[in-house]
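S.K.: How does the following fold in three dimensions:
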Amino acid sequence: MNSPAEIPFNSFIEINRESETAIYLQLANQFAKAIQLGYLPSGTKLPGTRQLSLIFNLHRNTIVASFQELEAQGWIEIVPNKGSFILNQSIQKEQKVNSLSDYSIHFYPKRTGFSFDQSILLDHPYENFTERLYLTDGTIDHRLAELKIPAKLYSTILKRKTSVRKINQTNNDYFLKNLANYLNLTRGLNITKDNILVTKSSEITLFLIAQIVLKKNDFVAITDLSYYKSNMIFQTQSVNIKQIKTDEFGLDTNHLREVCKTFPIRMIYLSTHHHYPTTTTLSSERRIELLQLSQEFGFVIIEDDYDFDYHFTNHPILPLASTEQNGMVIYTGKFGDYLAPGYRISFLIAPENFVQEAKKHLSILDQQFDPFIEQVLGEMINEGEIHRILKKLRKEYKERQQYFYDKLKKELSNTAEIIQPTGGLAIWVSFKNRINLMELKKNCAENGLFIPQTILYQNKSNTAMRIGFAHLNYNEIDDVIDILKKELK
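M.R.: Predicted structure coming up:
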């Protein structure tokens, strides 16, 4: 049995006084690790709490609390008037570390002991920033998100006696029926609850579609300017990407036809309402041509209508899915991103056989959505709350868009061409002269404005930015444009 005085505790126990974890828990956890690694064999008598308080420069009560935690976890035994002893542990390693200096238990391994393929394609594109002002690709102002109504409804639902029965439900028919009615009314669809699959994000939705529709070496068509996340998802499926030209009328269907003659396109992904990132709307003529090409060449159309709710005209453009009758369109969208984060969902609309298959795949990734949140959303649709919230927000965002657009035209018209879309939360700004956008990003950061690289588009034919405005109030819009104007000069 080791003498307590001979154990070099400071060589294998370190206290991080800046950690959010309580010191007594840090001490207890590190003692437990030392026991498992064989630094403190079973039967070892530990020094008294007063002696340990001097060794670690801690208050004696902290040592006492850590010992009580260790005893509760079964690592030590505290014998009155005799001391504290290490208990025999079945999980204790048989092979002891030869030297305490050979191994540090304070740090978790930085690298695996095994090899695996690492994806360059999925390198994280996000950047941390500390600037007061920042740009996005078109996000809501979270300060305007509706919090009170869903919170009040959620509390009310929890108090109902019937709510307990819904905990283990995998499908909330009430919610799906109301969502189907809402989508039918707003988007001109003719669907039932059996045509809907709800997920927690648009990325999960697209990943499911790619898993089901695509096989290795399939050909996928995307627009020449497109959404980086969708591109990343498709590339994980080891497919061949073909870029289709776009112009002021959206997707160039003539170019798509030429590509289809050469390559067996399996699927095309695009946003028809407000093309990402340019915000242009696909013309009526090209919508008809796209559907005809789908029938002629047999490719699936993934129609991403990510910002339909933010249309600023009385007659929004209805999706392809509202007119297509051959089962070749899978329609995706978002719902409730103007609510508290937990109430925001994504969905896909497709024929029943596809939805059933997608449910199988989703059950592996995420088996259940919160049934009480679904009930809240269903009641908010049924009671008209969603309509009232959106009506108010559309008015606010429309006014912000107009203010942002007018300010851009006034201050940057000599520098850039600015397109005002019929809706959405971003504006496409195309610079007339070739400028270094990464240099602009750097200089703006020095003036307190963060520009994410994901909104910058620079190649042989484009020098442009997709600038979100909705998250900015009027004073912030003024500051952002003043900084951009200064740096562009």
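
S.K.: so where's the protein uncertain?
M.R.: The chain contains residues with pLDDT under 70 at 1-6, 89-108, 121, 124, 164-171, 367-368.

S.K.: how is it carved up into domains?
M.R.: 4-102, 133-140+392-488, 147-383 (automatic domain parsing).

S.K.: which helix is the longest one in the protein?
M.R.: Of all the segments of type helix in the chain, defined by DSSP state H, the longest one is helix 385-412.

S.K.: name the helices or strands packed onto that one?
M.R.: strand 416-419, strand 426-431, helix 474-488 (3 or more Cβ pairs under 8 Å, 6 or more residues apart in numbering; DSSP states H and E). Glycine gets a C-beta too; all of them are placed from N, C-alpha and C.

S.K.: from memory Thr136 sits against Gly468, does it?
M.R.: Yes. Using Cβ atoms under 8 Å, Thr136 is in contact with Gly468, at 4.0 Å.

S.K.: Quickly list what's touching both of these two.
M.R.: Taking Cβ atoms under 8 Å, 6 or more residues apart in numbering as the criterion, Thr136 and Gly468 both touch 426, 455.

S.K.: Does Ile241 lie in a helix or a strand, and which?
M.R.: Using DSSP states H and E, Ile241 maps to strand 240-244.

S.K.: list the helices and strands that strand packs on?
M.R.: strand 219-223, helix 228-236, helix 253-262.

S.K.: Off-centre distance for the last one?
M.R.: What it means is helix 253-262. Put simply, helix 253-262 sits 34 Å off its chain's centre (Cα atoms, centre = their mean, to the nearest Å).

S.K.: Tell me the first helix or strand C-terminal of it.
M.R.: Criterion used, DSSP H and E; the element after helix 253-262 is strand 265-270.

S.K.: And that next one, what does it pack against?
M.R.: helix 202-213, strand 219-223, helix 284-297, strand 300-305.

S.K.: Of all those, which one is nearest Lys242?
M.R.: Closest to Lys242 of the helices and strands packed on strand 265-270, according to Cβ to Cβ: strand 219-223, at 5.0 Å.

S.K.: buried stuff in stretch 252-265?
M.R.: Neighbour counts using 16 or more other Cβ atoms under 10 Å place 252-253, 255-256, 259-260, 265 of stretch 252-265 among the buried residues.

S.K.: picking up where we left off before, looking at the helices and strands packed on helix 385-412, spot the one closest to Asp123.
M.R.: Proximity to Asp123 (Cβ to Cβ) singles out strand 426-431 among those, at 23.8 Å.

S.K.: Paired strands for that closest one, with orientation please.
M.R.: strand 416-419 (antiparallel), strand 463-468 (antiparallel) (DSSP bridges).

S.K.: Enumerate every residue touching Pro277.
M.R.: Neighbours of Pro277 in contact, by Cβ under 8 Å, 6+ apart: 137, 225-227, 426, 428, 455, 457, 464, 466.

S.K.: quick one on the thing from earlier: show residues contacting the strand holding Ile241.
M.R.: With Cβ under 8 Å, 6+ apart as the test, strand 240-244 has contacts from 217-224, 226, 231, 234-235, 251-252, 255-256, 259, 263, 265, 268.

S.K.: Sort out which residues of that strand are buried, please.
M.R.: Going by neighbour count (16+ other Cβ under 10 Å), the buried part of strand 240-244 is 240, 242, 244.

S.K.: Kindly report the same for stretch 306-317.
M.R.: Within stretch 306-317, the residues scored as buried using 16+ other Cβ under 10 Å are 306-312, 316-317.

S.K.: before we move on, back to that, between the buried residues of strand 240-244, which sits nearest Pro150?
M.R.: Using Cβ to Cβ, Ile244 comes nearest to Pro150 of the buried residues of strand 240-244, at 40.1 Å.

S.K.: Start and end of stretch 438-455, how far apart?
M.R.: Here the two ends of stretch 438-455 are set 11 Å apart, with distance taken as Cα to Cα, to the nearest Å.

S.K.: distance between that stretch and the chain's centre?
M.R.: 22 Å.

S.K.: same deal with stretch 474-481?
M.R.: Mean C-alpha position of stretch 474-481 versus that of the full chain (Cα atoms, centre = their mean) differs by 27 Å.

S.K.: Give me the contact list for it.
M.R.: The contact list for stretch 474-481, computed with Cβ under 8 Å, 6+ apart, reads 133, 135, 400, 403-404, 407-408, 411-412, 449, 469, 472.

S.K.: Go again with 6 Å.
M.R.: With contact meaning Cβ atoms under 6 Å, 6 or more residues apart in numbering, stretch 474-481 is reached by 133, 404, 407, 411.

S.K.: buried set for it?
M.R.: By neighbour count on 16+ other Cβ under 10 Å, the buried set for stretch 474-481 is 477, 479-481.

S.K.: same question, stretch 405-423
M.R.: For stretch 405-423, the neighbour count (16+ other Cβ under 10 Å) marks 405, 407-408, 411-412, 415-416, 418, 421-423 as buried.

S.K.: Could you do stretch 37-53 as well?
M.R.: Buried residues in stretch 37-53 (16+ other Cβ under 10 Å): 37, 39-40, 44-47, 49, 52-53.

S.K.: Next, format those residues as a markdown table and append secondary structure and distance to His59.
M.R.: Converted to a markdown table, these look like this (DSSP: H, G, I helix; E, B strand; the rest coil; distance: Cβ to Cβ, whole Å):
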| residue | secondary structure | distance to His59 |
| --- | --- | --- |
| Leu37 | helix | 27 |
| Tyr39 | coil | 24 |
| Leu40 | coil | 22 |
| Thr44 | coil | 24 |
| Lys45 | strand | 22 |
| Leu46 | strand | 17 |
| Pro47 | coil | 16 |
| Thr49 | helix | 10 |
| Leu52 | helix | 11 |
| Ser53 | helix | 6 |
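
S.K.: now, among those, which is nearest to Phe297?
M.R.: For those, the nearest to Phe297 is Leu37 (63.5 Å; Cβ to Cβ).

S.K.: From Ser11, how far out is that closest one?
M.R.: Note on Leu37: its distance to Ser11, by Cβ to Cβ, to the nearest Å, is 12 Å.

S.K.: give me the number of residues near Leu293?
M.R.: Number of residues near Leu293 (other Cβ atoms under 10 Å) recorded here: 20.
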